[in-house]
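Asks: just to be clear, the model below is a prediction. Sequence and coordinates:
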Amino acid sequence: MGKISLIKEDITKVHADAIVNAANSALIGGGGVDGAIHRAAGPGLLRECKRIGGCPTGEARITGGYNLPAKFVIHTVGPVCSRRAGEADKEDALLAGCYRNSLALAYENGVRTIAFPSISTGAYRFPVERASRIAVMEIKEFLASRPDMQEVIIVCYGDEVFSAYKEALK
Ligand code: ADP
């Protein structure tokens, strides 16, 4: 079975078949990891994203990697965490969908190594403990179902995020 790796790194520097972008639903670039990926990839990425035209929350779209070391970028739109109790199940399901749909789309395109940032835990305010449990569960399930998938790298920006994912992997 493929492995899960945990690293502290800037995702734009990661050598994998694909990296995942925590995009917004308009796919027009933004702050955080989205801004970093667009800066490193160059303007061709934004042009391709604009042609796609958008992506609903929980779904994923694929583009080229342009000037990035990765061949592809998978753009997925995480849910915004409202911190309202009645919304939690829906938000969790949408975040799980981000991982599942990104992995499935990548796999269909021949990707066997892929790097994820911690989706929704920046500007979209998801508590990182909650998000990390969902991410790890979905990644493990995917790896179990696709024996030839080689590696899923979780890229952590900062010590708090790294600790949360390390705990979730136990
Ligand atoms: P979201 O809107 O989905 O919350 P953010 O980009 O605001 O997305 O944050 C998601 C996570 O990505 C946060 O943990 C943030 O620290 C991290 N992040 C920001 N820049 C980078 C980068 N260059 N590489 C990897 N992770 C990053």
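Replies: Noted; the coordinates are in hand.
Asks: end-to-end on stretch 152-170?
Replies: For stretch 152-170, the first-to-last residue distance is 16 Å (Cα to Cα, to the nearest Å).
Asks: what does it contact?
Replies: Contact with stretch 152-170 is made by 2-11, 14, 16, 19, 33, 103, 113-118, 121, 128-129, 131-133, 135-136, 139, 142-143, as judged by Cβ atoms under 8 Å, 6 or more residues apart in numbering. Where C-beta positions appear, they are placed from N, C-alpha and C, glycine not excepted.
Asks: at 7 Å instead, please
Replies: By Cβ atoms under 7 Å, 6 or more residues apart in numbering, the surrounding residues in contact with stretch 152-170 are 2, 4-9, 11, 14, 16, 114-118, 121, 128-129, 132-133, 135-136, 139, 143.
Asks: which of those are close to the ligand?
Replies: Contacts with the ligand within the contacts of stretch 152-170, counted by Cβ under 6 Å from any ligand atom: 11, 117, 118, 121.
Asks: am I right that the last one is in a helix?
Replies: The reference is to residue 121. No - in this structure, residue 121 is coil, not part of a helix, as judged by DSSP: H, G, I helix; E, B strand; the rest coil.
Asks: got the phi and psi for it?
Replies: Backbone torsions of residue 121, given as degrees, to the nearest 10, read phi -100, psi 10.
Asks: restricted to strands, list the contacts of stretch 152-170.
Replies: Those of the contacts of stretch 152-170 mapping onto strands are 4, 5, 6, 7, 8, 114, 115, 116, per DSSP state E.
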